[in-house]
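**Q** Sequence plus the predicted model coming up.
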Amino acid sequence: MLQQTSKQICIYDTTLRDGTQREGLSLSLEDKIRIARQLDELGIPFIEGGWPGANPKDVQFFWRLKEEPLTQAEVVAFCSTRRPNIRAVDDPMLQAILAAGTRWVTIFGKSWDLQVIEGLNTTLEENLAMIRDTIEYLISQGRRVIYDAEHWFDGYKYNPEYALKTLIAARDAGAQWLVLCDTNGGTLPHEVAQIGREAIAKILNQDGGE
């Protein structure tokens, strides 16, 4: 069930992952620790720390912050849904996420049917299962999950019914937040507003207006 909350804006900072994906920029482990502590001092509530298991630096970053925690910010581990045709519990990628020890995890999954078929080389139903299984497994391990709907606006433009199904799968599996990602960056502000309103209305309608 979707619930409307108070008019509070929570900042989710991605400096330590998205912010480093540019040519010529490479942060050391100490750089990442210093940035995280400065963001914590600023009062940022959520700091995305990276993808544990993707590289040794990110693994060490999460280990360091377990030993020397931040004051108030939640450090968030980032990862994709499980791979096609295996169980979430058997995916080593998700084991690395759990080993990071964060309370919150951000999982991204495919929203665009074209990417499911041509990128993942799997079926639309299997993609929905990947979203559900991953989130349910992480929640069963005591994690709280933010779901990033990758390429969501592009997917909605081409196949709105399926894009909505991916959000509903994540919500029903127990995701705390649903994030609509404009991954390609080509959606104009008025389109973001219109499509966002449509998506919320349709999901609420699917709930029977709750």
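**A** That came in fine, so what should we check first?
**Q** The protein: strands as residue ranges?
**A** 12-13, 46-50, 74-80, 104-110, 144-150, 177-180 (DSSP state E).
**Q** burial measure for Ala73, as a count.
**A** For Ala73, the neighbour count with other Cβ atoms under 10 Å is 22. All C-beta atoms are positioned from the backbone trio N, CA, C, and that covers glycine.
**Q** Any chance of the strands of the chain in JSON lines with mean pLDDT and distance to Ala36 as columns?
**A** JSON lines is the format used below for those (pLDDT from 0 to 100; distance: least, Cβ to Cβ, whole Å):
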{"stretch": "strand 12-13", "mean pLDDT": "96", "distance to Ala36": "9"}
{"stretch": "strand 46-50", "mean pLDDT": "96", "distance to Ala36": "6"}
{"stretch": "strand 74-80", "mean pLDDT": "97", "distance to Ala36": "7"}
{"stretch": "strand 104-110", "mean pLDDT": "98", "distance to Ala36": "14"}
{"stretch": "strand 144-150", "mean pLDDT": "97", "distance to Ala36": "18"}
{"stretch": "strand 177-180", "mean pLDDT": "94", "distance to Ala36": "21"}
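**Q** how about the lowest-mean-pLDDT helix or strand in the chain: buried residues?
**A** Within the chain, no helix or strand scores below helix 189-206, which has a mean of 90 by mean pLDDT, DSSP states H and E. For helix 189-206, the neighbour count (16 or more other Cβ atoms under 10 Å) marks Ile195, Ala199, Ile203 as buried.
**Q** for Gly109, which residues make a bridge with it?
**A** Ala149 (DSSP bridges).
**Q** That one and Asp148 touch, don't they?
**A** Yes: using Cβ atoms under 8 Å, Gly109 and Asp148 qualify as a contacting pair, with a distance of 7.4 Å.
**Q** More neighbours: the two, which one.
**A** Set Gly109 next to Asp148 and count neighbours by other Cβ under 10 Å: Gly109 wins out with 25 against 21.
**Q** Mind listing residues that contact stretch 195-205?
**A** 2, 153, 156-157, 160, 163-164, 167-168, 171, 180, 187, 210 (Cβ atoms under 8 Å, 6 or more residues apart in numbering).
**Q** Report the distance from it to the chain centre.
**A** Remark: stretch 195-205 is offset 20 Å from the chain centroid, using Cα atoms, centre = their mean, to the nearest Å.
**Q** Put together TSV for the strands of the chain, with distance to Ile97 on each row.
**A** Shown next, in TSV, are those (distance: least, Cβ to Cβ, whole Å):
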stretch	distance to Ile97
strand 12-13	17
strand 46-50	11
strand 74-80	5
strand 104-110	6
strand 144-150	10
strand 177-180	17
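**Q** what's the closest of these to Asp40?
**A** In terms of Cβ to Cβ, the element of these nearest to Asp40 is strand 46-50, at 7.1 Å.
**Q** list the helices and strands the closest one packs on?
**A** Secondary-structure packing of strand 46-50 (3 or more Cβ pairs under 8 Å, 6 or more residues apart in numbering; DSSP states H and E): strand 12-13, helix 29-42, helix 56-67, strand 74-80.
**Q** Quick one: closest of these to Ala129.
**A** strand 74-80 (14.2 Å).
**Q** CA atoms of that closest one as CSV?
**A** Output of strand 74-80 as CSV, limited to C-alpha atoms (Å, rounded to 0.1, in the frame of the first residue of the first chain):
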residue,chain,number,x,y,z
GLU,A,74,22.5,5.7,7.0
VAL,A,75,25.2,4.2,4.7
VAL,A,76,23.5,2.4,1.9
ALA,A,77,24.9,-0.5,-0.1
PHE,A,78,24.0,-0.6,-3.8
CYS,A,79,23.5,-3.7,-6.1
SER,A,80,21.4,-5.1,-8.9
